[in-house]
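Undergrad: okay, predicted coordinates and the sequence, questions at the end:
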Amino acid sequence: MNKRGVLTVISGPSGVGKGTIINRLFEIEKNLYFSVSATTRNPRPGEIDGVHYSFKSREEFEHDIETGEMLEHAVFNGNYYGTPKSAVEEKLSAGKDVVLDIEIQGARNVKRLMPEAVLVYILPPSIDELKKRLVGRNTEDAETIKGRLSTAYRELHEAPELYDYFIVNDMVENAAIKIKDIIEGERCSGNAMQEVLKQILEEAENLA
Ligand code: ADP
Ligand code: 5GP
């Protein structure tokens, strides 16, 4: 039976732990597809092109926008970030569940284009802890951290109206399990089960 995959969007303030939680999620739930975004920001130490992001020049990124290759894109802290359309479409049509790690403008656009998407927002246990994590990661200079924190405060105001679920990242393991449970629940939703329901109804009609 052809069942469309569940599209889960994960957002949250920079440094809250999205990447860490998603890594754990993919360890405990193997049957998911992570959409590798494109970006014009510089790679951090240890980030691999094609695994963490597809790192692109502004020209390459703008070309991809013009040719319609992005499902959505946004500017975050002066850099472009975007989700490649074809891979996401292909996986969902094949019944694979897809996870996006994107910021709030992108989440809003995805929800508009695909209202069945499930939107999950990760919260820090406190703002103090968020600052500690962002500084402690040691991947951005003071100016960039300041920019990311003010973006986070803006996002936090807008998130309550947009997202379906909110998860506090106190413990990575708990947060990853909660996302896994949300995806599992969504697989049984009327939306995800449309094709299955249609087929059963057809069989029932043939019997009648
Ligand atoms: P994001 O992807 O949201 O920007 P990261 O996954 O890079 O955030 O996490 C930011 C920092 O916080 C990392 O140093 C990570 O190890 C740490 N971190 C993530 N989750 C937790 C947690 N539950 N408790 C303590 N530290 C955490
Ligand atoms: P970072 O530079 O910390 O990896 O990511 C910065 C922000 O960009 C995060 O909030 C992350 O979720 C978001 N992001 C990553 N990829 C995409 C994308 O493809 N589209 C959008 N809209 N945001 C993205």
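TA: Arrived safely, thanks for sending. Residues are numbered from 1 along each chain as shown. Ligands and ions are numbered 1, 2, ... in the order given.

Undergrad: and G82, its phi and psi?
TA: phi -160, psi 160 (degrees, to the nearest 10).

Undergrad: residues of the protein that sit close to ligand 2?
TA: Taking C-beta under 6 Å from any ligand atom as the contact definition, the chain meets ligand 2 at 11, 14, 37, 41, 72, 74, 76, 81-83, 101-103, 105-106. In this view, the C-beta of every residue, glycine as well, is placed from N, C-alpha and C.

Undergrad: which parts of this protein are helices?
TA: For the chain, the helices defined by DSSP state H cover 18-28, 58-66, 85-93, 104-113, 127-137, 142-162, 172-187, 194-207.

Undergrad: Serialize these to TSV and add fields for distance to G46 and mean pLDDT.
TA: Shown next, in TSV, are the helices of the chain (distance: least, C-beta to C-beta, whole Å; pLDDT from 0 to 100):
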stretch	distance to G46	mean pLDDT
helix 18-28	11	97
helix 58-66	22	98
helix 85-93	23	96
helix 104-113	24	98
helix 127-137	12	95
helix 142-162	18	95
helix 172-187	18	97
helix 194-207	41	91
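
Undergrad: out of those helices, nearest to P45?
TA: Closest of those to P45 is helix 127-137, at 11.1 Å (criterion: C-beta to C-beta).

Undergrad: quick one: buried residues of the closest one?
TA: By 16 or more other C-beta atoms under 10 Å, the buried positions in helix 127-137 come out as 129-130, 133-134.

Undergrad: got it, and stretch 61-70?
TA: 61, 64, 69-70.
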